[in-house]
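# Below is the sequence, then the predicted model.
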Amino acid sequence: MSRAIGTSGTAVVVGIGEPVGRAVACALLAAGYRVAASADEPAVLDEARAAFTPVHGDAFEPLLGHADNPALADWAIGEYRPDLLVLLAGADETAAAQAAFLWCREVFTGLLANSTTIVVSGHRAVRDLVADAAGQSEAAPRFGIRFLHQDTAATVEETVAAVLTEAGL
């Protein structure tokens, strides 16, 4: 896949199974990004593709797999070489933290030629684990890591706006 298809770059959104994930993907597509987004249910990806394709053409790429699948993280980071990685924590704090750590580790060890901005939304444990991963990586200074400090009561609109702000959009 060509890296510069989207006019704004390429984004990987981990977790579009919830409304906030779909809304973030939609906002990034509208901003000109090519978006590869993950979900562990084929029906979720089929619905997203059906919603996004008429408006954004082939700028949406579905990624089938659970967020904590190391093979998916490794392949997606290597294939898409994202300018932006958005990690949306799920309801299970432990699983969300492990998944976020896994995806960040792939970015840090992937020796990407570009600089990747990482936006992390979720539980304090998720933010702490990602910060710990960054601190242990020699490559981490090349990456802008932004943490959304919102409580779980934030609306979808507030979270989307915060992700876009932290991504510099």
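Nice, thanks for sending it over. Just so it is clear, the model here is predicted, and its values are computed rather than measured.
# isn't Ala167 right up against Leu84?
Yes - using CB atoms under 8 Å, Ala167 is in contact with Leu84, at 5.4 Å. C-beta here means a position set from N, CA and C on the backbone, and glycine is covered the same way.
# List the residues that are in contact with both of those two.
Here Ala167 and Leu84 have Ala11, Leu28, Thr117, Val119 as joint contacts, going by CB atoms under 8 Å, 6 or more residues apart in numbering.
# Could you look up the SS state of the second one?
The one in question is Leu28. helix (DSSP: H, G, I helix; E, B strand; the rest coil).
# Regarding Leu164, what is its secondary structure?
Secondary structure, three-state DSSP: Leu164 is helix.
# out of everything not next to it in sequence, what's closest to it?
Ala27 (5.9 Å; CB to CB, 6 or more residues apart in numbering).
# do the same with His56
Closest to His56 by CB to CB, 6+ apart is Leu29, at 4.4 Å.
# Pull the contacting residues for that neighbour.
Val35, Phe52, Val55, His56, Ala59, Phe60.
# Arg22: which of those is nearest?
Phe52 (8.9 Å; CB to CB).
# Touching the helix or strand hosting the closest one from outside, list them.
In this structure, Phe52 is located in helix 42-56 according to DSSP states H and E. Outside helix 42-56, the residues that touch it by CB under 8 Å, 6+ apart are 16-17, 22, 25-26, 29-30, 35, 37, 39, 59-60, 62-64.
# Make sure Pro19 is actually in contact with Val156.
Yes - contact criterion CB under 8 Å: Pro19 and Val156 qualify, at 5.2 Å.
# Now list the buried members of the contacts of Leu29.
Neighbour-count burial (16 or more other CB atoms under 10 Å) applied to these gives Val35, Phe52, His56, Ala59, Phe60.
# what about Leu64, neighbour count?
13 (other CB atoms under 10 Å).
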